[in-house]
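J.: Here is my input; please provide its structure:
(one chain, ligands or ions: 2)
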Amino acid sequence: MPRIRLWLATAALAISGCGGPFPQSTLHPRSDFARGTDALFTDIFWWAAAVFVVVELMLLVAIVRFRHREGRAAPRPTHGHTLMEIGWTLAPAVILVFVAVPTVRTIFATAGEAPADALKVDVIGHQWWWEFRYPELALVTANELHVPLGRVVQLSITSADVIHSFWAPPLGGKRDAIPGHMTRIAFRPDSVGDYSGQCAEFCGASHANMRLRVIVDSDSGFGRWATVQLAGPAAPAPGTLAERGRAVFARSACIGCHTIQGVSPGVIGPNLTHVGSRTTIASGLFPNDSAHLARWIADAPSLKPGSLMTRMQPPLTDADIAALGAYLQSLK
Ligand code: HEC
Ligand SMILES: [Cu+2]
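T.: Ligands and ions are numbered 1, 2, ... in the order given. Now for the predicted structure:
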């Protein structure tokens, strides 16, 4: 009885893994790249399934037919059967051709080549966040990559420190981000949506916290987003908490590490010019709300182990932190 219960509990635990949603599944492709790799996967899966079935069937036949039986002589082994030997050499070779040709074709198709009118984005991996630069739009953002529906996006990927890997499973990847080297990936998103991804190459303490989002906007939605991003940050209204926050920002260590257009030039951390327009902070770890901003500003490493945004010394007062939060949220 206890054993059955143990089995049931184990089965329940295993089955619980089958419940959705699956935000990072490669099996729900939303771009040509992802559809290509998904089709290849399905293709090879069926070849493997066929091989499995044939091999297991033959094994079962051998086990049942040739098993030892009381009073029966041992079955006679076969030696040097030319036809059989040709058969089991050729069959795997043919199957491997059917696996290799689509594989090589998919490798070339996903090599990162893109038409001239592709939207180009430079992706720079940092410990532990993502920088996205749109060279043609002169636009810089972090952790949330906006792209338009139906247009090819070409990412040129590199790293500022160690090796990372860009991976947005429904759209594309993985592609290594290697310091001093450029890798490419191109895909054409085919559904509007907010897709999650993450760094796929172990890169230190907060590797597992190095997430990203790709937001596929409608064409007009992307245009609106880009227009807002291109405008400088709105100056906070006089007398507001946000205006106080800007003053605190301008006299704190923040300016050494963060760029806010027209306010500070730092390049160690994410560009904060439009941080208020992002839905998350700290590479997708926390919602971008006042409570999380306050905790992050006071002591980032306590929320994200190893974070290179060190704890502020001397500590900021609660009033200063609240003002900073209001200011950052106003940077839409
Ligand atoms: C030593 C450099 C450094 C200083 C000083 C610093 N930051 Fe940061 N900041 C970073 C880094 C690096 C990150 C990215 C951390 C991560 O996500 O792992 C970051 C991330 C952030 C984020 C999240 C941005 C996003 O898009 O995810 C905010 C908000 C932020 N910092 C605000 C501030 C404020 C306000 C100050 C001043 C009180 C400040 N930072 C001081 C380096 C710094
Ligand atoms: Cu990484």
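J.: State the number of residues packed around Asp320.
T.: 20 (other C-beta atoms under 10 Å). Bear in mind the C-beta positions are built from the backbone N, C-alpha and C, glycine included.
J.: which ones are touching it?
T.: Going by C-beta atoms under 8 Å, 6 or more residues apart in numbering, Asp320 touches 248, 252.
J.: Can you give me the pLDDT of it?
T.: Asp320 is assigned a pLDDT of 95 by the prediction.
J.: Need the pLDDT of the closest residue to His126 other than its chain neighbours.
T.: Counting by C-beta to C-beta, 6 or more residues apart in numbering, His126 lies nearest to Ala160, which is 4.9 Å off, once chain neighbours are set aside. Looking at Ala160, its pLDDT stands at 97.
J.: Angles on the backbone of Ala160, please.
T.: Ala160 adopts backbone torsions of phi -90, psi -10, taken as degrees, to the nearest 10.
J.: what are the ranges of the helices in the stretch 1-150 of the chain?
T.: Here the stretch 1-150 of the chain has its helices, by DSSP state H, counting those that start in this stretch, at 2-16, 32-65, 82-109.
J.: Quick one: closest of those to ligand 1.
T.: Ranking the helices of the stretch 1-150 of the chain by their distance to ligand 1 (criterion: C-beta to the nearest ligand atom) puts helix 32-65 first, at 25.6 Å.
J.: Find the closest residue to ligand 2 in the stretch 1-150 of the chain.
T.: In the stretch 1-150 of the chain, the residue that lies nearest ligand 2 is Gly125 (5.5 Å; C-beta to the ion).
J.: count of neighbours near that residue?
T.: Gly125: 27 neighbours (other C-beta under 10 Å).
J.: can you pull up the bridge partners for it?
T.: Trp130, Ser159 (DSSP bridges).
J.: from memory it sits against Ala177, does it?
T.: Yes: under the criterion of C-beta atoms under 8 Å, Gly125 makes contact with Ala177 at 3.7 Å.
J.: Check the contact lists of the two and give me the overlap.
T.: Common contact partners of Gly125 and Ala177 (C-beta under 8 Å, 6+ apart): 157-159, 164-166.
J.: How about the stretch 51-200 of the chain: which residue is closest to ligand 1?
T.: Trp129 (3.9 Å).
J.: Would you map the strands across this protein?
T.: In the chain, the strands defined using DSSP state E lie at 119-126, 129-134, 139-142, 144-148, 153-159, 164-168, 172-177, 183-187, 193-198, 211-217, 259-260, 264-265, 280-281, 286-287.
J.: So which of the ones you listed is the most surrounded?
T.: strand 164-168 (a mean of 25; mean count of other C-beta atoms under 10 Å).
J.: Which elements pack onto it?
T.: strand 119-126, strand 172-177, strand 193-198, strand 211-217 (3 or more C-beta pairs under 8 Å, 6 or more residues apart in numbering; DSSP states H and E).
J.: about what we covered before: near ligand 2, from the shared contacts of Gly125 and Ala177?
T.: Contacts with ligand 2 within the shared contacts of Gly125 and Ala177, counted by C-beta under 5 Å from the ion: His164.
J.: and the shared contacts of Gly125 and Ala177, which two are the farthest apart?
T.: Thr158 and Ser165 (11.9 Å; C-beta to C-beta).
J.: Show the contacting residues for Ser16.
T.: Taking C-beta under 8 Å, 6+ apart as the definition, Ser16 has no contacts.
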